[in-house]
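S.K.: predicted model follows, preceded by the sequence.
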Amino acid sequence: MEECLICKEPLEYLLQDTVMECAICHKQEPSKTRCVKGHYVCSDCHTQGMDSIFGLCLSETSTDPVAIVRRMMDLPFCHMHGPEHHVMVGAALLTAYKNAGGPLDLENALCEMYSRGKAVPGGACGFWGACGAGISAGQFLAIATASTPLARTPWGLSNQMTARALDSIGRAGGPRCCKRDSFLAILAAVDFVRAHLGVELTRIVPVCSYSTHNSQCIGKRCPFSAARGQTHL
């Protein structure tokens with residue numbers, strides 16, 4: 001089971017920020033997350049190597065964003081849980097959208113997604129009431145439609161997209177699973193893009209292969225559990 005990146009002990013979450021020192025780079029910053037032995041790893045160290053998704057996405061031809069994000073999840077930098085998913089969801093959607101005929105400069109869009117997604121901290125799902133995977137789906141829509149705070153239709157659509165993704169994630173219930181929440185956000189986005197942007201992304205409901213790495217797996221409550229059988233989402 002993957003927990004602390006330093007000692008593999010379980011993580012604990014505090015209700016208030018505490019200044020902590022990263023066990024890898026020794027940077028000090030406020031955080032609510034550490035392991036039970038006191039180790040803290042900052043987001044930059046936790047996501048080291050995430051820039052490898054650029055090469056993957058730019059060489060992809062698939063229109064299936066779930067398949068694309070699973071290939072990202074299999075890269076060495078990706079952990080069972082972590083803020084890398086806040087970038088990966090949007091990046092997979094942008095890539096599939098471009099491959100399905102969406103009007104997009106993919107390389108520039110991925111750079112923007114990387115910047116925006118990294119700004120969403122780990123633990124947002126529990127502390128902000130807004131899972132980073134769901135926010136990432138909204139960021140994808142905002143980038144794809146060139147939304148700004150002064151836009152009309154794109155502004156509305158990107159907020160609706162985030163709401164749809166978060167509703168799907170919230171209905172599954174906790175505790176969090178970054179893999180489950182990523183899949184739910186992506187599937188919500190596939191439906192939304194078809195309805196509102198007229199671009200058809202491939203929609204395949206995955207069967208989870210990560211449960212043995214998640215000590216908080218919700219089992220048959222998860223819509224992607226192999227034990228649950230075929231799920232229609």
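M.R.: The structure has been received and is ready for your questions. Predicted, not measured: the structure shown is a model, and the values here were computed from it.

S.K.: what helix or strand is Ala109 on?
M.R.: Taking DSSP states H and E as the criterion, Ala109 maps to helix 106-118.

S.K.: toward the C-terminus, what is the element adjacent to that helix?
M.R.: Helix 106-118 is succeeded, C-terminally, by helix 124-127 (DSSP H and E).

S.K.: buried residues of that next one, list them for me.
M.R.: Within helix 124-127, the residues that qualify as buried are 124-125, counting by 16 or more other CB atoms under 10 Å. Backbone N, C-alpha and C define where each C-beta goes, glycine included.

S.K.: quick check: mean pLDDT of the next helix or strand after that helix?
M.R.: Counting by DSSP H and E, the next helix or strand C-terminal to helix 124-127 is helix 132-144. Averaged across helix 132-144, pLDDT comes to 98.

S.K.: what residues does the helix or strand just after helix 132-144 touch?
M.R.: Next along the chain after helix 132-144, taking DSSP H and E as the criterion, comes helix 153-172. Contact with helix 153-172 is made by 125, 130-131, 133-135, 137-142, 145-149, 180-181, 184-185, 187-189, 191-192, 196, 218, 221-223, 233, as judged by CB atoms under 8 Å, 6 or more residues apart in numbering.

S.K.: now for the following helix or strand past helix 153-172, which elements pack on it?
M.R.: Remark: after helix 153-172, the chain's next helix or strand is helix 178-196, criterion DSSP H and E. If you count contacts as 3 or more CB pairs under 8 Å, 6 or more residues apart in numbering; DSSP states H and E, helix 178-196 packs onto helix 65-73, helix 85-99, helix 132-144, helix 153-172.

S.K.: the first one: which residues count as buried?
M.R.: It refers to helix 65-73. For helix 65-73, the neighbour count (16+ other CB under 10 Å) marks 65-66, 68-73 as buried.

S.K.: out of those, who's nearest Tyr114?
M.R.: When these are compared for distance to Tyr114 (CB to CB), Met72 wins out at 12.3 Å.

S.K.: in contact with the closest one, which residues?
M.R.: Shown in contact with Met72 (CB under 8 Å, 6+ apart): 53, 56, 78, 88, 91-92.

S.K.: surely Gly49 is in contact with Leu75?
M.R.: Yes: Gly49 is in contact with Leu75 according to CB atoms under 8 Å; the separation is 7.4 Å.

S.K.: of these two, which one has the most company?
M.R.: For Gly49 versus Leu75, the count of surrounding residues by other CB atoms under 10 Å is larger for Leu75: 15 against 11.

S.K.: which residue packs closest to that one, ignoring adjacent ones?
M.R.: Closest residue to Leu75 apart from its sequence neighbours, by CB to CB, 6 or more residues apart in numbering: Ser52 at 5.6 Å.

S.K.: ditto for Thr145
M.R.: What sits nearest to Thr145 in space, not counting adjacent residues and going by CB to CB, 6+ apart, is Pro154, at 3.7 Å.

S.K.: and if you look at Arg221?
M.R.: Looking at Arg221 with CB to CB, 6+ apart, the closest residue is Gly173, at 6.7 Å.

S.K.: do Gln216 as well
M.R.: Ranked by CB to CB, 6+ apart and with sequence neighbours excluded, the top spatial neighbour of Gln216 is Pro175, at 4.5 Å.

S.K.: tally of neighbours for the one you found?
M.R.: Residues near Pro175, counting by other CB under 10 Å, number 12.

S.K.: do you know how far the residue in the chain sticking out farthest from the centre is from Thr47?
M.R.: Most distant residue from the mean C-alpha position of the chain: Lys37, 27.1 Å away (CA atoms, centre = their mean). Distance from Lys37 to Thr47, counting by CB to CB, to the nearest Å: 22 Å.

S.K.: sounds good, over and out.
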